[in-house]
Structure formats: C-alpha cells, structure tokens
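Colleague: how does the following fold in three dimensions:
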Amino acid sequence: MQELDIAFIGTGADPETQDNEGFAMAYRHGSAYDRLDNCTPVGAADIVLENAAAFADYFGIPDDGVYEDYEAMLEERQPDVVSICTPPHTHADIVVDCTEVDSVQAIHCEKPIARSWADCERMVQAADDAGVNLTFNHQRRFGKPYREAKALLDDGEIGELVRLEMAAPNIYDYGSHSVDLCNYFNGEGSAEWVIGQLDYSTEDKWFGVHNENQTLASWEYENGVEALASTGDLGGNLVNCHNRLVGTDGVIEIGYGFPNGTVGEEVLRIKRDGDGEWESIDTDDEGLHGLDSAEYGRLYIDRAIEDIVTALVEGNTSELNAQNALDATEIIFAVWESSRVHGRIDLPLDIEDNPLDAMIESGELTPEPADD
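Modeller: Now for the predicted structure:
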C-alpha cells in the first residue's frame, strides 16, 4: 500500500477545549490518520508555535517537524497529504498554497469551505487545475443513522423521495453538514433555485465568522425534490428534526426533537404509509455525532479520513470531494443572497462576496454584541 506523509496546518490548543473559537479538530484528524498503517505524520504548523509543539509531541512528530510558518513546513517536509484545521476565512489562501507544492496529492480541509463565495470557487478551481484531491470534512454522512436512512430510501421503503427537511443551530457552520446531508440523500443532485430569509439580531460568531440567528429557507433540486431548512433557537422548532426524508409512501426521521428538544434513544425511525406506529431502526448506539458527543464526531472523522486516504491510494473519488462540498455551500450562500435581495435566487450563484457580511457592513443588519 502506498505510504503517505501527513502534515497538519492549524493544530489548535488544548484538545479537550470545545467552543466557538475551536474544537481542536487537528487532534481528531491526527487520531484518524494514526489508525491507518500507511500514514505517517511528518509536520505540524500553527501560528502559536507552542500549540504545534504540543501537537507534535502528542503524535510523535520529530522536533524538526514543528513550524510556525506553514509554507516553510510544506517546502521542507514535502507532505503527500495536508489536513487544514484553521478558521474558514484562512482556508482559501492556505489551500491554494498547498496545491502549488509538487508533493501534495490530497488536501483535507475543515468546513465550512471559505468566508466568501469567490474564495470557495478559487480554492476548488486551484485544486482541480493542480490535479490535487481536495476534500472537506462533512464527516456526518459516514454515521450509521444517515447511512441507514439512505439505505432505507434506496430500498424504496418510503417510495419516491419528495421532500427533504433539516433543522440546525445555523445554516453556515453547523448547517453545512445538514445541507450536505440533504444533497447526499438526494443522490448529490444539484439545486435549481433557493429562497430564504434570515434574522441576525445578536452577534454569533463561530471561528471568527458571522452566523445568522434564525433562517427559513427552501430550494428545489433539478429532479424536482424540494427541501426545507429551519435554523436557530426558535426557527429550528419548525422542522424539529435533524433530517427528515418525506417520500410518496412514508417518512424517515433522524434525530427527532433536534435542535431544541431532547433527542432520545430513537435516533432513526421510519413510518410507512399505513403503519400505526413509528418503527425504530437500530444504529448500534451511533448518534447524530458519533458514539459519544464528547468525542465530537471522532468515529465519523475516522471513517472520513479513511475514505479520503483510500480514494487517494486507489485512484478513486472520495464522497467528501470538493464539488459535493461546493454544491452544499452554494445553497448556503444563496440563502443569504436571497435574504439580501428579497427574492428567489436561480443557480448557478452569480456573486463573489459573503452576503451576510455585506449586509452587516452596509448597516442593513445590526446585531447586538453577544453576552460574554
């Protein structure tokens, strides 16, 4: 099996810290590569050198593999694969820089893709031009609740898919997973149009990027399947389910009660037309994020990293490929653009900026500072 040297950009600080400044995702990436016999960590870079040194010590990277400057690391370590776990607004420049390194064959980047639509397209185009496998960490699609739901759908258990519904705390950060899952359930189909409205009254930044407080949005795919998204502390109650698949002959629900209710042991359930009760589907204790939410998706990240490494070695395309991530992100930015122009947005998206940022900068949105 092909041996791969792995480098990490943005190691983060304490791996036990989980908040809107960071989840130390590099440690979760590192643990996933560590499970694979053909992956060797060779470099770690972070703008806080002590963070990179602590990460290197944790994963057995030699002292000469510790860097403050990621460009120096790329030049000197010549990695085959790079994992990027920095904030979204830094992703584009780092990804483009990585594509210019001859040794780099694959880049696995944390989501969301980038802060502006132009940057999203720029980094995906750079990877395509360089022949580099660019993937994004939408790891939830590897969780058993989602895989089993897709299998039930594909087996015709609820007839033909008619509508997809999702709830999330926000549409951009957490919601990038949820929109990606909608696309996954619909066979990676492309959306034709998007319409949405948002509220942003109280500042809510995740990893330095604004996220709206509440969204109501819908879109339609080219195959006629419709989608509905509701987000926020209040808006999420409309769908009241992490993901819902509505078919001609029944309904599948994942995480009923999400995001504001209590998601019980019945993470996945199905109700076929004519059934008197819901049928619970066994997911081997796998939940919305993995076996243990404290691990924040580690099991699913393990599977995601294995998928991108296997795809590289075997010359295949990972499910987490850049085009799939770009399709989900286009819907998200189109939701914000629809709110900005107060109308439906026909795709492909024809903007360059971040509509939410633009509305804040123009004074159209004036969120109050968040409480400390």
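Colleague: where along the stretch 101-250 of the chain do the helices fall?
Modeller: Using DSSP state H, counting those that start in this stretch, the helices of the stretch 101-250 of the chain run over 117-130, 144-154, 173-185.
Colleague: just for the stretch 251-372 of the chain, where's the confidence low?
Modeller: Scanning the stretch 251-372 of the chain for pLDDT under 70 picks out 262, 264-265, 292-297, 372.
Colleague: mind listing what residue 31 touches?
Modeller: 298, 301, 302 (CB atoms under 8 Å, 6 or more residues apart in numbering). In short, each C-beta sits where N, CA and C put it, glycine included.
Colleague: what helix or strand is the last one located in?
Modeller: Looking back up the chat, that one is residue 302. Per DSSP states H and E, residue 302 falls inside helix 298-314.
Colleague: chain center to stretch 231-245, what's the gap?
Modeller: The chain centre lies 18 Å from the centre of stretch 231-245; the measure is CA atoms, centre = their mean, to the nearest Å.
Colleague: and it, average pLDDT?
Modeller: Mean per-residue pLDDT for stretch 231-245: 89.
Colleague: how long is that stretch end to end?
Modeller: End-to-end distance of stretch 231-245: 17 Å, with CA to CA, to the nearest Å as the criterion.
Colleague: now stretch 101-117
Modeller: Terminal residues of stretch 101-117 lie 24 Å apart, using CA to CA.
Colleague: in that stretch, what counts as buried?
Modeller: 101, 104-117 (16 or more other CB atoms under 10 Å).
Colleague: tell me the angle of the helix holding residue 302 relative to helix 173-185?
Modeller: Computed by axes from the mean of the first three to the mean of the last three CA atoms, to 10 degrees, the angle separating helix 298-314 from helix 173-185 equals 60 degrees.
Colleague: and helix 298-314, what does it pack against?
Modeller: Helices and strands touching helix 298-314, by 3 or more CB pairs under 8 Å, 6 or more residues apart in numbering; DSSP states H and E, are strand 4-9, helix 25-34, strand 81-84, strand 106-109, strand 133-136.
Colleague: tell me the domain boundaries of the protein?
Modeller: 4-139+294-320, 141-290 (automatic domain parsing).
Colleague: enumerate every residue touching the nearest residue to residue 207 once chain neighbours are set aside.
Modeller: Excluding its sequence neighbours, the residue lying closest to residue 207 (CB to CB, 6 or more residues apart in numbering) is residue 87, at 4.2 Å. Counting by CB under 8 Å, 6+ apart, residue 87 touches 10, 207, 208, 209.
Colleague: in ChimeraX, select just the buried ones from those residues.
Modeller: Applying 16+ other CB under 10 Å to these, the buried members can be selected in ChimeraX as follows:
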select :10,207,209
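Colleague: how about the spatially most central residue of the chain: what's its closest non-neighbour residue?
Modeller: Residue closest to the average C-alpha location in the chain (CA atoms, centre = their mean): residue 138, at 3.7 Å. Spatial nearest neighbour of residue 138, chain neighbours left out: residue 180 (4.3 Å); criterion: CB to CB, 6+ apart.
Colleague: how many neighbours does the one you found have?
Modeller: Around residue 180 there are 26 other residues, counting by other CB atoms under 10 Å.
Colleague: buried residues in the longest helix seen in the chain?
Modeller: The residue-count maximum for a helix in the chain (DSSP state H) belongs to helix 322-341. Within helix 322-341, the residues that qualify as buried by neighbour count (16+ other CB under 10 Å) are 322, 324-340.
Colleague: circling back: what are the phi and psi values at the residue nearest to the centre of the chain?
Modeller: Main-chain torsions, residue 138, degrees, to the nearest 10: phi -90, psi 70.
Colleague: measure it to residue 166 for me?
Modeller: In this view, residue 138 and residue 166 are 13 Å apart by CB to CB, to the nearest Å.
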